[in-house]
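*Asks:* Just need the structure, nothing else, for what follows:
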Amino acid sequence: MTQKPRLLVVEDDNNLGQILKEYLEMKGFQTMLCRDGEEGAQAFKAHEFDLCLLDVMMPKKDGITLGKEIRKADENIPFIFLTAKNMKEDTLEGLKAGADDYITKPFSMEELLLRINAVLKRTLSHTKADEQNVFQIGKFTFQYDQHLLESENRALKLTLKEAELLRQLALHVNQPMSRTYALKKIWGDDTYFNARSMDVYITKLRKILREDERVQIITLHGEGFRLVVTD
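*Replies:* Numbers count the residues shown, from 1 in each chain. Predicted structure coming up:
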């Protein structure tokens, strides 16, 4: 039997909080309800969750602050902000805090459920992809955990950064991979120095992969890169 997704709901409106808890449990989620930001922070530290729903305007600790703390503690767990505000600045502030989505009150429960399921589907698919270690790239076999790229002609040991970069390209094969995503995923931030370093590694990988004419790393100007593998 599949385990029910675990949700943390932090909402200071007693009526709405209870309605959310009962509705989400009816829809098959395990739900923990907290009434303010501090209580929510303590619950997050004490338990494991698959997704958090955070009200923005709360006593003791607001949702934006709590969201930033959650994102600092766990860069992967998704969270959605619930708020009565609808100003563009508030939306941007929430997204900058690391939110995966943002829904403005009043909202329908059906819309909220759709958003929760969409975020969970995206997150779980990424988690599954992150477990992949062996890739077939044209005539190359890439074993990420060993940093080993093999073809019929040779076996090449990659550096850590080369292996991490090739893995991200392989996870997004034939799809765009943004520069910002790669820099934050591999280097931790998208500074100018790190961007130049990534360009050097891209050039090295291009030279290696040139052995198979069906494999290319294409630069998407203003966007990022795409690993193209043709039949």
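
*Asks:* okay, CA-based contacts and neighbour counts for the rest of this
*Replies:* OK.

*Asks:* pretty sure residue 143 contacts residue 149?
*Replies:* Yes: at 6.4 Å, residue 143 counts as touching residue 149 under the criterion of Cα atoms under 8 Å.

*Asks:* Looking at those two, which has the bigger crowd around it?
*Replies:* residue 149 (23 against 18; other Cα atoms under 10 Å).

*Asks:* partners of that one in the sheet?
*Replies:* For residue 149, the beta-bridge assignment (DSSP bridges) gives partners residue 142, residue 156.

*Asks:* so what pLDDT did it get?
*Replies:* On the pLDDT scale, residue 149 is placed at 96.

*Asks:* same check, this time on residue 87
*Replies:* The model reports residue 87 with a pLDDT of 61.

*Asks:* And the one 10 residues further on, by the same measure?
*Replies:* Residue 97 is assigned a pLDDT of 79 by the prediction.

*Asks:* separation between it and residue 22?
*Replies:* 28 Å (Cα to Cα, to the nearest Å).

*Asks:* These two: who's more crowded?
*Replies:* Here residue 97 and residue 22 are compared on neighbour count by other Cα under 10 Å; more neighbours surround residue 97, at 19 against 13.

*Asks:* right, and residue 101 touches residue 82 too?
*Replies:* No: counting by Cα under 8 Å, residue 101 sits too far from residue 82 to count as a contact (9.1 Å).

*Asks:* Looking at these two, which is more packed in?
*Replies:* It is residue 82, of residue 101 and residue 82, that has more neighbours when counted by other Cα under 10 Å, with 24 against 18.

*Asks:* looking at it, the more buried one is touching residue 54, isn't it?
*Replies:* Yes: between residue 82 and residue 54 there is a contact under Cα under 8 Å: 5.7 Å.

*Asks:* By mean pLDDT, point me to the weakest helix or strand of this protein.
*Replies:* Taking mean pLDDT, DSSP states H and E as the measure, the helix or strand of the chain with the lowest value is helix 88-96, at a mean of 70.

*Asks:* what pairs with the next helix or strand after that one, and is each one parallel or antiparallel?
*Replies:* Using DSSP states H and E, the helix or strand that follows helix 88-96 in sequence is strand 101-104. Sheet pairing here is set by DSSP bridges, and for strand 101-104 it gives strand 79-83 (parallel).

*Asks:* Contacts made by the strand it pairs with with the rest, please.
*Replies:* The contact list for strand 79-83 (Cα atoms under 8 Å, 6 or more residues apart in numbering) reads 51-57, 63, 67, 94, 98-105, 116.

*Asks:* which residue sits closest to the residue positioned nearest the centre of the chain in space, ignoring its chain neighbours?
*Replies:* The centroid of the chain falls nearest to residue 76 when counting by Cα atoms, centre = their mean (5.6 Å). Excluding its sequence neighbours, the residue lying closest to residue 76 (Cα to Cα, 6 or more residues apart in numbering) is residue 123, at 7.9 Å.
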